[in-house]
Structure formats: structure tokens, C-alpha cells
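Enquirer: Predicted model follows, preceded by the sequence.
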Amino acid sequence: MSENTEAVKANLGEAGTHLKQAAVAAGSAVKSAAGAAGDELRLGRAQVKSELADSGVAGLNAAQHLGGATGEQMDALLDKGRDLLDSAAELIRERPLAAFGVAFAAGWIISKLGRSDK
């Protein structure tokens, strides 16, 4: 064989060896990346579970306080209603004829609205 043919074979053999080593390195890199991705995925899943659990606890705490907040709002509304009734009663005591006239007019308007043809 000629010197050139030997050189081609030697170079092709060396290229094949390098290709094999590159394939092994690529496989190793993919395995490492998959392992790291798996670790990150497990860590992320644990963090998601933790945040969801904290969210559930916060929701339960909010629900527990909701009853108290509703009661407080109801008490405030009842107090405002009582104040409104007291001021209406005071107005009626101070001006009974005016209160009667306003009540009569309001009743008349409501009855007209109720009987109107639509």
C-alpha cells in the first residue's frame, strides 16, 4: 500500500476514535443533565407542595375570621339602622304634620306607580 493510503486509514481510524469518545461524552452530559433536571424537578415539586399547604392554612385562617368579621359588619349595620330609626322618630316628634304629609305623598306616588299600565 501506498503511503497516502496508510495516512488516510490512520486519519480515518483516529477520526472514528474521536467520534466514539464524543458520543460517550455526549451520553455522559445528557445523563448528568437529566440527573440535575430530576433534582431540580423534585425540589420544585417540594416547593410547590409547601406553598400550596401554606395557602390552604391561610385560607382556613381567613375562613375562621370570616365569621367574626361578618358579625362585626352586621352589628355596624344594625347600629346604623337604629340610628336612622331614632332620627326618623325624632323628626316625626318635632314635625308631625310634615312627616304625615311626606308619608301620604310617598304612599300616593307608590300606589300610582303600582297601578300604572306598562
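Expert: Right, received. Where do you want to start? Residues are numbered from 1 along each chain as shown.

Enquirer: So which helix or strand of this structure has the lowest pLDDT on average?
Expert: Sorting the helices and strands of the chain by mean pLDDT, DSSP states H and E puts helix 3-94 at the bottom, at a mean of 85.

Enquirer: Any idea how far that helix is from the middle of the chain?
Expert: The chain centroid and the centroid of helix 3-94 are separated by 11 Å under C-alpha atoms, centre = their mean, to the nearest Å.

Enquirer: what's that helix packed up against?
Expert: Contacting helix 3-94 under the criterion 3 or more C-beta pairs under 8 Å, 6 or more residues apart in numbering; DSSP states H and E is no other helix or strand. Bear in mind the C-beta positions are built from the backbone N, C-alpha and C, glycine included.

Enquirer: Show residues contacting the following helix or strand past that helix.
Expert: Counting by DSSP states H and E, the next helix or strand C-terminal to helix 3-94 is helix 96-115. With contacts defined as C-beta atoms under 8 Å, 6 or more residues apart in numbering, helix 96-115 is touched by 91-92.

Enquirer: residues in contact with the spatially most central residue of the chain?
Expert: The centroid of the chain falls nearest to S55 when counting by C-alpha atoms, centre = their mean (9.9 Å). Contacts for S55 (C-beta under 8 Å, 6+ apart) come out as none.

Enquirer: could you check the angle helix 96-115 makes with the least confident helix or strand of the chain?
Expert: 130 degrees (axes from the mean of the first three to the mean of the last three C-alpha atoms, to 10 degrees).

Enquirer: Mind checking the pLDDT average for stretch 105-113?
Expert: Mean pLDDT, stretch 105-113: 88.
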